[in-house]
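[1] Predicted model and sequence follow; I will ask about them next.
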Amino acid sequence: MTGPSRLAVSGLTKRFGGLVAVKDIAFNIAGGEILGLIGPNGSGKSTVMKLIMGIERPNAGTVKLDGVDIAGWPPHRIARAGIGIVFQHSRPLHRQTVLENIKLALLPDSLLRLAAAPGVDERARAIAERVGLGAVMHRHPSTLPFADLRRMEMAKAIARDPKVVLVDEPFAGLTGAEMRAFSELIHGFREEGRAVLLVDHNVKSVAALVDRVLAMYLGEHVAEGSADEVMQNETVRRVYLGGKIEAVERRLETAGASPPLLDVADLSVFYGKAQALEKVSIHVREGEFVSVVGLNGAGKTTLFNAISGLVPYAGAIRFGERSLKGMTAGAIARGGVVQCPETRELFGDMSVRENLDLGGQHLPAASRARHLAWLFELFPILKSRQGQAARTLSGGEQQMLAIARALMMQPKLLILDEPTLGLAPVILEQLSKALERLRKTTSITVLLGEQNVTFALPHADRVYVLEHARIVWEGDPGRFAEEMGTGYL
Amino acid sequence: MTRLPRSSALWIGALVVIAMALLPFWVSAYILSVLTASYYFGVFAMAWDLLFGFAGEVNFGPTFLIGLGAYTAGIVDNQYGLPIVVCVALGALAAIAGGLLLALPALRLRGPYFGLVTLVAVLLLQNAIVIFAGVTGGEIGMTVPDVLSIDGNVNYWYALAFLVVCAIILFGLSRSAIGLILQASGQDAVEAQALGFNVTKHKIAAFCISAVFSGIAGAMLVFYEGAASVDTIIDIGIGVQVIIAAVLGGRRTILGGALGAVVLILASEALRPLGQLNTFVVSAVALAVILFFPDGLLGYALRAGERE
């Protein structure tokens, strides 16, 4: 920690059009030090990693590697200067064996050297052994489990013998034992004197590994220090949890009485080889407001996408009397399960009104007009923005439009995935009030996925906590603060 | 692994080449002429596969590079009467220039947009040839004073030797370190760069290599046929046939291109009695293979070998 810094970043800024994705970020990493860069989705942490690697060009700022400013260099030069990256997802060479994939990383960048240098084979084998691929080095990547594919990415980075290693979400999709093996590999980097940057959603997953943590939110630096300090930091807690958890009063008349409208049993989902959900069971009763809280990457979106018929799954999902298995996404939506996705999926070039009309396509004209009037009452801002193209709305307005459009479909069950994503606190309040009105004035059933607990709890009748692909807690929001409040981050 | 040991694969390859070389003693002169043309097509398809299968660049207009080589060689021969070797070399140079010209948009545009540029390039070349009819022969076509040989058997051996040499070079290249880097660049350019490879440099090289082989093959085809015309060398339909041959044979295999071209051309000969239906049936079969065996003939065989 005391040595001279290997990697020194200062004033790093990146704009995409009008959006400032990274704003004046600065940090140093010494050789043999591990820095965790954390932040929720959209905080700009991945952009920082891309800026260092040269995949994106910074608008301002310097990135110094051993004193040489490499900001704005093309990636291959930055790589040769000594920065390596372990991607979260990669497309390995499928016709080649694991060993050949590792050898690729050992090849010179030359058009004239047709054969690999002597000794490459031996080095590739040694690296394969080191990362735990010794037994499978002659197999093809497509036959490997997910963890081994990630080991292969690790091996490719090691092969370049980098001074600085950037690791994107080191533990995503791994089991406990695999996580320990990866921790050891990353510790190995430290012992060899490399500077390591771990990029992840939350402090918890990297806390045991890092020397220091830097937290980002909406492109800005919010806190820096030891993992504990950052976890205690007020701003960080507000970003992740939404501040102090309010005591909540409940209406209890419906809960427990009605039959479940949605019943999810033993749901498992795999993305290729990564397990995104593991035997998840939840139910939502008619008229209930249920929140699923969990940090980014816990599996919330996957759960909702499975319900909406967008990803294949194992297990059973029943809606009312019907099993949703095998139904197309369109049929499920027409059947009354409407999702308002995290990404909003608005038609950017269409006006607010056109977006809403599309949602209300199936309604007869008269009831569509009535419904529209009701929605404008719920979200007054949309009424004044009717003629505006959806893409020109602010983030909060877009979110309201997305919810309104979903409501135009007159859902029996409305699924809201992370509506607060990337929104400023004042917008959250407006959104929160709209949800409150929705709950009080209609009998709609809502399933809400959130990372922001303060936003999720006040409305909820019941809460599930999703962590690492599993439901780890279920209960009413009153008990959440005492039972889960501290362990959540 | 059920993969053949390297030495026995070599033996099989050698036997196939010897058998092909002995064909003139068995088959009719007509079949021989069909095979001769198909061998040049095989080189077109292999050159295309290097660009698409390895570098990942979808070139919808392989005939742009082929045509540049063919017409440059033909025009030089017509105008200045230089030796065939010199004409072919100049054709190859023109094709390289064309390849570099294509590489420029390829490095800026992605997927379908680049594909569109390659299509337009073919149309432009086609138009240029019609406009400069004085030297190119325009729509009627052009005859060249020199031919490789007037003996059908010799022509066949020329084409076979050319095919074999090209196959060895292109296949060797695809299996070399450069082939590995090209594949990585084609599949995940960002990661290839992060591993320290100058993707731009390697892609430009791929364009040049593909262009050289396309250009030489185009030029040789002109000196085999003794003539060149837009319809037989540059038309988009010809380009589509080259692409179908490469995909039918198996992309990312190089040798599959040669196999596909021979199969495709022989099939349309065999079905000639069907008359008008011939092209339809061949296309339908090619489509079915692409749909159900997207890895192609050779790719399918290799895949079967990879499964342990």
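    Cool, the structure landed.
[2] Can you tell me the element the residue nearest the centre of chain B falls in?
    Centroid-nearest residue in chain B: residue B:44, 0.8 Å away (criterion: CA atoms, centre = their mean). Taking DSSP states H and E as the criterion, residue B:44 maps to helix B:29-49.
[3] for residue B:178, same thing?
    helix B:177-187.
[4] One more: residue A:26?
    strand A:19-30.
[5] re the thing from before, and the helix holding residue B:178, anywhere near chain A?
    Yes: on the criterion CB under 8 Å from any CB of the partner chain, helix B:177-187 is in touch with chain A at B:177, B:178, B:180, B:181, B:183, B:184, B:187. In this view, the C-beta of every residue, glycine as well, is placed from N, C-alpha and C.
[6] coming back round to it: just checking, next helix/strand downstream of the strand holding residue A:26?
    From strand A:19-30, the next helix or strand downstream (DSSP H and E) is strand A:34-38.
[7] Tell me if the lengthiest helix in chain B is near chain A.
    Longest helix in chain B, counting residues (DSSP state H): helix B:199-225. Yes: legend: contact between helix B:199-225 and chain A by CB under 8 Å from any CB is shown at B:199, B:201, B:202, B:205.
[8] just the buried members of the residues you listed?
    B:199, B:202, B:205 (16 or more other CB atoms under 10 Å in any protein chain shown).
[9] The last one against residue A:110, yeah?
    No: taking CB atoms under 8 Å as the definition, residue B:205 is not a contact partner of residue A:110, at 10.5 Å.
[10] Which pLDDT value belongs to residue A:241?
    Here the pLDDT value assigned to residue A:241 is 66.
[11] Show me the helices in the stretch 251-400 of chain A, by range?
    A:300-307, A:329-334, A:352-359, A:365-378, A:380-384, A:395-408 (DSSP state H, counting those that start in this stretch).
[12] before we move on, back to that, please report how far the closest residue in space to the residue nearest to the centre of chain B that isn't next to it in sequence lies from residue B:213.
    Distances taken as CB to CB, 6 or more residues apart in numbering or on different chains place residue B:242 nearest to residue B:44, at 4.6 Å, with adjacent residues excluded. Using CB to CB, to the nearest Å, residue B:242 is found at 12 Å from residue B:213.
[13] Give me the more crowded residue out of these two.
    Counted by other CB atoms under 10 Å in any protein chain shown, residue B:242 and residue B:213 do not tie: residue B:242 has more neighbours, with 28 against 25.
[14] so that one is in which element?
    helix B:236-249.
[15] Report all helices and strands that that helix contacts.
    helix B:29-49, helix B:62-80, helix B:111-131, helix B:255-270, helix B:277-292, helix B:296-306 (3 or more CB pairs under 8 Å, 6 or more residues apart in numbering or on different chains; DSSP states H and E).
[16] Residue A:399: which of these is closest?
    Ranking the helices and strands packed on helix B:236-249 by proximity to residue A:399 (CB to CB) places helix B:111-131 first, at 31.5 Å.
[17] For chain A, what lies in contact range of chain B?
    A:53-55, A:74-76, A:79-80, A:84-85, A:87, A:90-91, A:93, A:95-96, A:100, A:103-105, A:107-111, A:113-116, A:139-140, A:143, A:156, A:160.
[18] Tell me the residue of the stretch 201-350 of chain A that sits nearest chain B?
    residue A:272 (15.2 Å; CB to the nearest CB).
[19] Do I have it right that that residue meets residue A:145?
    No: applying CB under 8 Å, one finds residue A:272 not in contact with residue A:145, separated by 9.8 Å.
[20] Looking at the two, which has the bigger crowd around it?
    It is residue A:145, of residue A:272 and residue A:145, that has more neighbours when counted by other CB under 10 Å, with 14 against 11.
[21] Any idea how many residues pack against the spatially closest residue to that one that is not a sequence neighbour?
    Leaving out its chain neighbours, the residue that sits closest to residue A:145 by CB to CB, 6+ apart is residue A:273, at 5.3 Å. Residue neighbour count, defined by other CB under 10 Å, stands at 14 for residue A:273.
[22] List the contacts of residue A:273.
    A:144, A:145, A:146, A:147, A:149, A:173 (CB atoms under 8 Å, 6 or more residues apart in numbering or on different chains).
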